[in-house]
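Enquirer: I'll drop the sequence and a predicted model, then ask my questions.
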Amino acid sequence: MVYGFFQFGMYASFRPCFTELFPTEMRCNGQAFAYNSGRAGASLFILAVPLVAQFMSLSAAMVTLGIVGIALALIPTLILPETVGRALPSLMDEERPGA
């Protein structure tokens, strides 16, 4: 129960965070692309564990790739812009040629 709370509770933060990062007209596509790109990247780590385990023990390979995965998750977290108090962007706010 505790594992499930933390494992599936992390998805609650995706929607509010991603909503503020994409303009209104492309919000759904941007959120889906960002979320599923992360899932695709994570699947590569699952495939990499046995490849790395050829050069070290299985537990060391899992720990190594776990640390790399956490680092790769923290980098975007630190780089993403802060959106508190900022109006949500919209493509309609920009001047379109021929409009």
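Expert: Sure, I can see it. Residues are numbered from 1 along each chain as shown.

Enquirer: Show me how far stretch 82-89 is from its chain's centre.
Expert: 19 Å (Cα atoms, centre = their mean, to the nearest Å).

Enquirer: which regions of the protein lie under the pLDDT threshold?
Expert: Applying pLDDT under 70 to the chain flags the ranges 10, 88-99.

Enquirer: Helices of that one, residue ranges please.
Expert: Ranges of helices in the chain, per DSSP state H, are 2-9, 14-21, 27-52, 58-79.

Enquirer: so of those, which one's packed in deepest?
Expert: Each of these was scored by mean neighbour count; the highest is helix 14-21, a mean of 14, by mean count of other Cβ atoms under 10 Å. Backbone N, C-alpha and C define where each C-beta goes, glycine included.

Enquirer: Can you spell out which helices and strands pack onto that one?
Expert: For helix 14-21, the elements it packs on are helix 27-52, judged by 3 or more Cβ pairs under 8 Å, 6 or more residues apart in numbering; DSSP states H and E.

Enquirer: now the angle between helix 14-21 and the helix it packs on, please.
Expert: Our comparison of helix 27-52 with helix 14-21, counting by axes from the mean of the first three to the mean of the last three Cα atoms, to 10 degrees, yields an angle of 120 degrees.

Enquirer: Which neighbouring elements make contact with helix 27-52?
Expert: When contacts are defined as 3+ Cβ pairs under 8 Å, 6+ apart, helix 27-52 sits against helix 14-21, helix 58-79.

Enquirer: For the last one, report the contacting residues that lie outside it.
Expert: Pointing back at helix 58-79 there. For helix 58-79, contacts defined as Cβ atoms under 8 Å, 6 or more residues apart in numbering pick out G41, A42, F45, A48, V49, P50, V52, A53, F55, M56.

Enquirer: As JSON lines, the helices and strands packed on helix 27-52 with distance to F33 would be great.
Expert: Listed next are the helices and strands packed on helix 27-52 as JSON lines, based on distance: least, Cβ to Cβ, whole Å:
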{"stretch": "helix 14-21", "distance to F33": "10"}
{"stretch": "helix 58-79", "distance to F33": "13"}
